[in-house]
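*Asks:* give the three-dimensional model of this entry:
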Amino acid sequence: MLEVRDLRFAYSRRSEPVLRGVSLSLADGEVGIVLGRNGSGKTTLFSNILGINSPSSGSITFDGTDILKLSRRERAKMIAYVPQDIRFGALTVFDSVLMGRVARFGLTAGEEDREAARRVLEDVGLTELAERTVTELSGGERQKVAIARALAQEPRLLVLDEPTGNLDIANERLILEEARKLARSRGIGVLSSLHDLNRALGFGDRLFFIKDGIVKYDCRRGDVTADMINDVFGGRVRMIDFEGEKIVIDEKITEEET
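*Replies:* Have a look, this model is predicted:
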C-alpha cells in the first residue's frame, strides 16, 4: 500500500509551496485518480513520489518502506512511471520494453530479462508488433508500449501522468481499460492524473481532488458529488445517473444548447 502523509514541497525557499500537506493512501490492485486544476500540484506530487524532487517534510511509504530513503535504482524496482511526453528513439518494440528492465540487469540483459519482456508484450497484446520500430506505430500503440516498458520493471506501483492526453477516444478508452485490467491481474497500485472527469469516474476506484496544496476530497468514485467538483474546479456542473454510472454535465454548456 502507498501511504503519503502531510507532504510539503516548494521549488525554492522563496517561492510559494505547491504541496502544503498532501495525504493519500492507495491499496494494491487499486486505481487512484488525482484531479485538480492546472498548476494544482498533480505532477509535482508525482515527481516527489518518483524521487525527481524531494519534499521539505512529510513521508512517503510503500508497504512500510520509506521510499524517500531509497536510491533511484531501488525505487525503480518498486515504482514505474509513464510520463506525458514519451520518447523511444529508433528502437524496436521489444527492445523498448526490455529497457524497462535496466534497473534490474545493469549493463547486459539476461535471458530472464528477455523472458520478462516477452511476457509483458503478451499481456498487453503487443507480441505481433515486437520487431516493429516504435516510430512506425500509432499513438495508442506507442502508449501501450510505454505501459509495457513500465510493467517490465515488475513494479508494485504504476504512476501515469495524463496517459491519454494525445489519444483519440477509442485509444483513450483502450489504454485506461488496459491499465485497470493490469492493476487487477497483477495486484499493483495505479496512480494517475486525468483531465477528463467522466473518464476519471469510469476508471478510478479512488479519486483524490487537490486544491490549495492539499487533498481536499478523498472518496470512492460512487461518492463524488457535483459540489466537490464545483469547489475544486470553480465551475458549474451537475451529475446525472446513466445506465448505473455517474456522468458530469457542464451546466453552462447545457444552458447554451437550450
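
*Asks:* just the strands in the stretch 151-258 of the chain please.
*Replies:* For the stretch 151-258 of the chain, the strands defined by DSSP state E, counting those that start in this stretch cover 157-161, 189-193, 206-211, 214-220, 237-242, 245-250.

*Asks:* mean neighbour count, distance to Glu122 and mean pLDDT for those - can I get that in a markdown table?
*Replies:* Heads up, the C-betas are built off the backbone N, CA and C, glycines and all. Output for the strands of the stretch 151-258 of the chain, formatted as a markdown table (neighbours: other C-beta atoms under 10 Å; distance: least, C-beta to C-beta, whole Å; pLDDT from 0 to 100):
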| stretch | mean neighbour count | distance to Glu122 | mean pLDDT |
| --- | --- | --- | --- |
| strand 157-161 | 24 | 18 | 89 |
| strand 189-193 | 25 | 20 | 92 |
| strand 206-211 | 22 | 29 | 96 |
| strand 214-220 | 16 | 33 | 95 |
| strand 237-242 | 13 | 35 | 85 |
| strand 245-250 | 15 | 31 | 84 |
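
*Asks:* would CSV of those with distance to Ser57 be doable?
*Replies:* Shown next, in CSV, are those (distance: least, C-beta to C-beta, whole Å):
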stretch, distance to Ser57
strand 157-161, 21
strand 189-193, 21
strand 206-211, 18
strand 214-220, 14
strand 237-242, 35
strand 245-250, 35
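
*Asks:* which helix in the chain has the most residues?
*Replies:* Longest helix in the chain by number of residues (criterion: DSSP state H): helix 169-186.

*Asks:* that one packs against which elements?
*Replies:* If contacts are counted by 3 or more C-beta pairs under 8 Å, 6 or more residues apart in numbering; DSSP states H and E, helix 169-186 sits against strand 31-35, helix 139-151, strand 157-161, strand 189-193, helix 197-203.

*Asks:* ok, of these, where does mean pLDDT dip lowest?
*Replies:* Across the helices and strands packed on helix 169-186, helix 139-151 has the smallest mean pLDDT, namely a mean of 84.

*Asks:* now it - C-alpha only, PDB.
*Replies:* C-alpha atoms of helix 139-151 as PDB (Å, rounded to 0.1, in the frame of the first residue of the first chain):
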ATOM      1  CA  GLY A 139      -0.300   6.900 -30.800                       C
ATOM      2  CA  GLY A 140      -2.400   4.300 -29.000                       C
ATOM      3  CA  GLU A 141       0.100   1.500 -29.800                       C
ATOM      4  CA  ARG A 142       3.100   3.700 -28.600                       C
ATOM      5  CA  GLN A 143       1.200   4.400 -25.300                       C
ATOM      6  CA  LYS A 144       0.800   0.600 -24.800                       C
ATOM      7  CA  VAL A 145       4.500   0.200 -25.400                       C
ATOM      8  CA  ALA A 146       5.200   2.800 -22.700                       C
ATOM      9  CA  ILE A 147       2.900   1.000 -20.300                       C
ATOM     10  CA  ALA A 148       4.600  -2.300 -21.200                       C
ATOM     11  CA  ARG A 149       8.000  -0.900 -20.700                       C
ATOM     12  CA  ALA A 150       6.900   0.300 -17.200                       C
ATOM     13  CA  LEU A 151       5.500  -3.100 -16.400                       C
END
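
*Asks:* all further residue positions should be reported with the first residue as 285.
*Replies:* Got it, the first residue is 285 from now on, which makes the last one we talked about helix 423-435.

*Asks:* need the contact partners of the longest helix of the chain.
*Replies:* Helix 453-470 has contacts (C-beta atoms under 8 Å, 6 or more residues apart in numbering) with 313-315, 407-408, 422-424, 427-428, 431, 435, 442, 444, 447-448, 451, 472-474, 476, 483, 486-487.
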